[in-house]
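Peer 1: Fold the stuff below for me.
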Amino acid sequence: MVAQLSARVVDTPGELLGEAIDATLRTLATALPADRVTLHLRSADASAWVEVATASTVRGADRLAGDFEKRCAAPRDEALEGFALPDFPVLAMQLAKGECVCWRSTEALPIEADAERSLFRGDTAALLFVPMISHGALTGFLEVSALGVPRHWGAEVPSLARVVVDLLGSALVRKQSDERAARTEARLQKTQRLEIVGRLASGIAHDFNNYLTAILGYGELLADDLPEGEAGAEELDEIRNAAERASTLVEQILGFHREKGIAPRAFELGSIVAPLAKIINRVAGDETDVVYQLAEGLDPVVVDPSRFDQVILNLVANARDAMADDGGALTVATRAARLDESGACGLDVEAPAGLPSGAYVVLTISDTGCGMSEATAARLFDPFFTTKRAGRGTGIGLSTVANIVEACGGAVRVESELGQGSSFHIFLPVAAEESTDDAADAVPRAIAQGDGQTILLVEPETVVRGLLERLFKGFGYRVLAMDDARSALEASAAHNGPIHLLVTDLGMPRGFGRELVEQVSRIRPGIRVLFTSSHREQVLVDEGVWDRSAPLVEKPFARHELAARVRDALDAPAASN
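Peer 2: Next comes the predicted model:
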């Protein structure tokens with residue numbers, strides 16, 4: 001019989017294991033004999049022991065295993081039977097030791113087993129419990145019952161039951177191992193898809209930034225010639241404002257590319273949240289009422305705005321899913337807090353553990369959704385952990401939120417109860433004074449002028465090259481404008497006078513910008529260099545395209561910023577070659 005059971009269980013595919021368990025329990029009940037044989041497994045969140053299958057001689061009392069993973073994942077389902085093992089300390093202790101427990105009657109109970117007497121409920125006359133041990137831990141147990149008349153099971157009965165339990169345990173471990181391998185493969189494929197999408201978004205954003213550079217640049221030139229109040233001035237302002245918003249959208253797209261590094265700056269948090277309102281409302285959906293409670297006059301915090309957009313939108317998307325059935329209310333709020341040495345922050349929320357005392361700004365995103373259990377909340381930020389059904393959640397959204405917030409020196413406090421909604425409180429330290437000085441650097445300055453120096457401009461995009469040529473001439477420079485590396489080398493060799501500055505895009509057809517610099521420097525030693533790029537600085541560093549040895553201006557740029565970078569590059573000491 002053991003060989004037959006072993007073949008049945010060992011060779012069964014994972015998706016049919018439930019049927020094999022049912023058949024095995026029926027066979028065991030007949031062989032022992034026993035009136036009822038029940039398999040209990042630990043629930044997925046380890047909060048209960050769930051009856052996943054029962055074979056019984058009582059007509060209609062069988063409980064088929066079926067999709068027992070679903071049973072283990074939902075121990076609170078009223079349709080399931082739960083076994084409160086901690087309520088029976090004597091039984092729990094012996095099972096945890098890996099010992100079989102056989103009580104052929106209530107008289108066989110030890111004196112200290114008062115609680116266990118209640119197990120002999122109804123017509124239960126004898127009980128046998130066999131532990132299922134995996135990696136040194138109790139993962140389940142078999143409950144064998146005799147009804148009405150006590151059974152005088154011999155020593156061979158627990159031995160046979162243990163063999164069966166070991167077979168079932170091995171099959172379950174194998175099934176779990178196969179499922180983990182499948183999940184790992186699925187996560188790898190999902191990560192690869194995200195990588196492809198990220199690189200595609202980065203490439204699209206690169207091209208889009210080139211066009212935005214032209215729109216904003218020509219718009220700024222046109223605004224100089226169109227006094228305020230003139231016909232078309234208001235429309236031009238709207239065009240420029242739309243281009244600025246599009247530039248912000250590109251930053252948000254780039255923020256979802258995983259290789260983009262964090263470039264934190266000092267911002268008032270409301271200035272990040274307010275421009276996202278339309279996107280937040282769209283993500284939240286028509287069934288959700290979104291309320292904004294943004295405090296005014298908050299101190300700035302140091303964040304990367306494009307990465308922090310990702311934090312907000314991930315939390316909003318989670319809130320929407322939590323309220324998916326009936327909709328609800330979503331609140332986005334900002335407020336100030338001061339954390340003292342005792343950890344108190346003066347708000348109606350407890351500050352996250354481990355934060356140093358000081359001034360903080362707190363962003364709270366609350367929903368009236370389904371909420372979550374303590375066990376779920378404890379794993380909330382684990383990579384690839386999700387409570388959403390297959391195909392709906394990647395399990396990386398909240399882990400990304402935690403990583404971004406921690407990189408900004410902050411932390412997240414989660415408050416939630418089942419049926420009572422959830423609140424995510426993000427504590428961000430107020431920026432130091434030296435960080436806030438960066439804001440002053442963004443104030444437009446006078447246009448830095450040139451003294452007739454010659455610039456070799458290399459830009460593959462026609463509309464951007466035309467704009468830069470016009471701007472450089474307006475700054476007071478002579479310009480040699482080329483569209484690729486080969487023509488730039490030819491111009492460098494053929495030009496009779498000095499060339500003071502090479503301005504080149506880092507990504508050049510037929511030759512990267514850095515390689516072009518090396519080649520031009522052989523022809524013209526000591527030439528100064530200024531790189532341009534539609535990618536963020538940190539991305540270029542991570543890709544090994546740029547090493548910070550030469551200055552860089554990111555597209556799109558303001559006219560005064562470009563003029564200042566050119567002037568700084570010309571005034572810098574010549575690089576040794």
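Peer 1: looking at it, residue 546 is touching residue 537, isn't it?
Peer 2: Yes - here residue 546 reaches residue 537: they are 7.2 Å apart, a contact under C-beta atoms under 8 Å. Heads up, the C-betas are built off the backbone N, CA and C, glycines and all.
Peer 1: And these two? Which one has more around it.
Peer 2: residue 546 (20 against 15; other C-beta atoms under 10 Å).
Peer 1: Secondary structure class of residue 23, three-state.
Peer 2: The three-state assignment at residue 23 reads helix, by DSSP: H, G, I helix; E, B strand; the rest coil.
Peer 1: just to revisit the earlier point, now for residue 546 and residue 537: what residues contact both?
Peer 2: residue 552 (C-beta atoms under 8 Å, 6 or more residues apart in numbering).
Peer 1: could you pull out the helices for the stretch 1-150 of the chain?
Peer 2: Here the stretch 1-150 of the chain has its helices, by DSSP state H, counting those that start in this stretch, at 2-10, 17-31, 68-73, 89-96.
Peer 1: actually the stretch 151-300 of the chain, not the one I typed
Peer 2: So, for the stretch 151-300 of the chain - with DSSP H, counting those that start in this stretch - the helices run 156-225, 233-255, 269-273, 277-284.
Peer 1: check contacts around the residue nearest to residue 40 when sequence neighbours are not counted.
Peer 2: Closest residue to residue 40 apart from its sequence neighbours, by C-beta to C-beta, 6 or more residues apart in numbering: residue 49 at 4.6 Å. Contact analysis of residue 49 by C-beta under 8 Å, 6+ apart lists 40-43, 82-85, 140-141.
Peer 1: if we can go back for a sec, can you tell me which of the helices of the stretch 1-150 of the chain is most buried?
Peer 2: Neighbour counts (mean count of other C-beta atoms under 10 Å) averaged over each of those peak at helix 17-31, with a mean of 20.
Peer 1: average pLDDT across it?
Peer 2: The pLDDT scores in helix 17-31 average 86.
Peer 1: Look at the spatially closest residue to residue 419 that is not a sequence neighbour and give its secondary structure.
Peer 2: Nearest non-adjacent residue to residue 419, counting by C-beta to C-beta, 6+ apart: residue 371, 5.5 Å away. Reduced to three states with three-state DSSP, the structure at residue 371 is coil.
Peer 1: can you count the residues close to the nearest residue to residue 129 once chain neighbours are set aside?
Peer 2: Leaving aside its sequence neighbours, residue 129 sits nearest to residue 101 (C-beta to C-beta, 6+ apart; 4.2 Å). Neighbour count for residue 101, taken as other C-beta under 10 Å: 22.
Peer 1: now residue 495
Peer 2: Neighbours of residue 495 using other C-beta under 10 Å come to 14.
Peer 1: And the nearest residue to it once chain neighbours are set aside, how far from residue 519?
Peer 2: Spatial nearest neighbour of residue 495, excluding adjacent residues (C-beta to C-beta, 6+ apart): residue 480 at 6.4 Å. Distance of residue 480 to residue 519, given as C-beta to C-beta, to the nearest Å: 15 Å.
Peer 1: These two: who's more crowded?
Peer 2: A count of neighbours by other C-beta under 10 Å puts residue 480 above the other of residue 480 and residue 519, at 18 against 14.
Peer 1: Against residue 272, how distant is the closest residue to residue 126 other than its chain neighbours?
Peer 2: Spatial nearest neighbour of residue 126, chain neighbours left out: residue 146 (3.9 Å); criterion: C-beta to C-beta, 6+ apart. Using C-beta to C-beta, one gets 68 Å for the distance from residue 146 to residue 272.
Peer 1: residues in contact with residue 457?
Peer 2: Here residue 457 is in contact with 465, 468-469, 472, 479-482, 503-504 (criterion: C-beta under 8 Å, 6+ apart).
Peer 1: picking up where we left off before, next, the contact list for the residue nearest to residue 129, please.
Peer 2: 91, 94-95, 127-129.
Peer 1: quick one, phi psi at residue 559?
Peer 2: phi -60, psi -40 (degrees, to the nearest 10).
Peer 1: quick one on the thing from earlier: make a markdown table out of the helices of the stretch 1-150 of the chain and add distance to residue 114.
Peer 2: Output for those, formatted as a markdown table (distance: least, C-beta to C-beta, whole Å):
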| stretch | distance to residue 114 |
| --- | --- |
| helix 2-10 | 36 |
| helix 17-31 | 29 |
| helix 68-73 | 30 |
| helix 89-96 | 9 |
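Peer 1: do you know which of those helices lies nearest residue 447?
Peer 2: Proximity to residue 447, assessed across the helices of the stretch 1-150 of the chain by C-beta to C-beta, is greatest for helix 68-73 (64.6 Å).
Peer 1: average pLDDT across that closest one?
Peer 2: In the prediction, helix 68-73 has an average pLDDT of 52.
Peer 1: Flag the shaky bits of the stretch 51-200 of the chain, pLDDT-wise.
Peer 2: Residue ranges of the stretch 51-200 of the chain with pLDDT under 70: 59-81, 194, 198.
Peer 1: Quick check: pLDDT value at residue 325.
Peer 2: 65.
Peer 1: I meant residue 530, not that one.
Peer 2: 93.
Peer 1: just residue 248 next, same as before
Peer 2: pLDDT at residue 248 comes out at 66.
Peer 1: for the one 4 residues further on, same thing?
Peer 2: If you check residue 252, the pLDDT there is 58.
Peer 1: any residues touching the strand or helix carrying the residue nearest to residue 495, and which ones?
Peer 2: Residue 480 is part of strand 478-482 when elements are defined by DSSP states H and E. With contact meaning C-beta under 8 Å, 6+ apart, strand 478-482 is reached by 452-459, 465, 468-469, 472-473, 488, 491, 495, 499.
Peer 1: Need the CA coordinates for stretch 113-129. PDB is fine.
Peer 2: Provided in PDB are the C-alpha atoms of stretch 113-129 (Å, rounded to 0.1, in the frame of the first residue of the first chain):
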ATOM      1  CA  ALA A 113      -3.900  18.300  29.200                       C
ATOM      2  CA  ASP A 114      -7.100  19.900  30.400                       C
ATOM      3  CA  ALA A 115      -7.600  21.900  27.300                       C
ATOM      4  CA  GLU A 116      -7.200  18.900  25.100                       C
ATOM      5  CA  ARG A 117     -10.200  17.200  26.700                       C
ATOM      6  CA  SER A 118     -12.500  19.400  24.600                       C
ATOM      7  CA  LEU A 119     -11.100  17.700  21.400                       C
ATOM      8  CA  PHE A 120     -13.200  14.700  22.400                       C
ATOM      9  CA  ARG A 121     -16.300  16.500  21.300                       C
ATOM     10  CA  GLY A 122     -19.500  14.800  20.200                       C
ATOM     11  CA  ASP A 123     -18.900  11.100  19.600                       C
ATOM     12  CA  THR A 124     -15.100  11.400  19.200                       C
ATOM     13  CA  ALA A 125     -13.700   8.400  21.000                       C
ATOM     14  CA  ALA A 126     -10.000   8.200  20.000                       C
ATOM     15  CA  LEU A 127      -7.500  10.600  18.400                       C
ATOM     16  CA  LEU A 128      -4.200  10.400  16.600                       C
ATOM     17  CA  PHE A 129      -2.100  13.400  15.500                       C
END
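Peer 1: so how far is residue 572 from the residue lying farthest from the centre of the chain?
Peer 2: Computed with C-alpha atoms, centre = their mean, the residue of the chain farthest from its C-alpha average is residue 149, at 58.5 Å. Residue 149 is 99 Å from residue 572, where distance means C-beta to C-beta.
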